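In: Pasting the sequence and the predicted model now:
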Amino acid sequence: MSVLAVLDPAVAVAHAVVAAVAHLVPTALAIVLFTVAVRLALHPLARAAARGERARARLAPKVAALQRKHRDRPERLREALAEMYRKEQVSPFAGCLPVLVQIPFFSVMYRLFTTPNDLLDHTLFGVPLGLHVTGAQGAGQWAVFGVLFAGLAAVGVVNFRRARRTAAAAAAAAATAATAATAATAQPAPQPGAGLLPYLSFGSVLFAALVPVAAVLYLLTTGVWSAAERAWLYRDGTPVPAAAMMG
């Protein structure tokens, strides 16, 4: 039995909702609408994360000052940072919350679209929603997969560029903090793997090769929503948190 079988009660609810909507519109569109509805319900968390990120950006100079002051006392630095965040009523982890909340929803949708059910018997422009890209036949089916994958790739490019800008801003901030420190202070070592983070923006494209059309449609819908949501919430130029870039 699959570990994801524990999600079956939630999967049954999701199936019932999508099936009900599918009585009014095509099943593929029902999947899109259901995904948008859930993301809309999660939007307040994303707004809260954006507010937290702006607050952390405002506190960045104070954080740098504390890091310089307690650079030889890690325990004292942690206490000072915790006290500062508590006084400012800012959570250092708020940016991760929307991503964490999406994990159960993603797991339910993955289970729904990878377990045989009547929804997968419907089609998207003639392509069964339960079909994998490896089973595509004919120009028509390949064209549908091509459009879906091209859409995922376009979202990946948008997220990649945004992640690169965020990384550049973080590097500039680190350089400024290092310059403000004493000349004897060594430059901070780059975080391991930090240069690879922007490339994770294309992870959904690779994952889409392993799942059926219905799941690819979900990935594209939630990806477009996330990209548009980030563009709106961070339109003032506030760097997007790394965790949010994976959303």
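Out: Arrived safely, thanks for sending.

In: Helices of the protein, start to end?
Out: 8-22, 27-69, 74-88, 97-114, 138-180, 203-208, 213-233, 242-245 (DSSP state H).

In: okay if I get these as JSON lines plus mean pLDDT and mean neighbour count?
Out: All C-beta atoms are positioned from the backbone trio N, CA, C, and that covers glycine. Shown next, in JSON lines, are the helices of the chain (pLDDT from 0 to 100; neighbours: other CB atoms under 10 Å):
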{"stretch": "helix 8-22", "mean pLDDT": "94", "mean neighbour count": "16"}
{"stretch": "helix 27-69", "mean pLDDT": "86", "mean neighbour count": "17"}
{"stretch": "helix 74-88", "mean pLDDT": "87", "mean neighbour count": "13"}
{"stretch": "helix 97-114", "mean pLDDT": "81", "mean neighbour count": "18"}
{"stretch": "helix 138-180", "mean pLDDT": "80", "mean neighbour count": "16"}
{"stretch": "helix 203-208", "mean pLDDT": "89", "mean neighbour count": "17"}
{"stretch": "helix 213-233", "mean pLDDT": "92", "mean neighbour count": "21"}
{"stretch": "helix 242-245", "mean pLDDT": "50", "mean neighbour count": "21"}
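
In: mind checking which of those helices is nearest residue 121?
Out: helix 27-69 (8.7 Å; CB to CB).

In: so that closest one versus helix 74-88, what angle?
Out: 120 degrees (axes from the mean of the first three to the mean of the last three CA atoms, to 10 degrees).

In: Figure out the length between the terminal residues of stretch 83-92.
Out: 12 Å (CA to CA, to the nearest Å).
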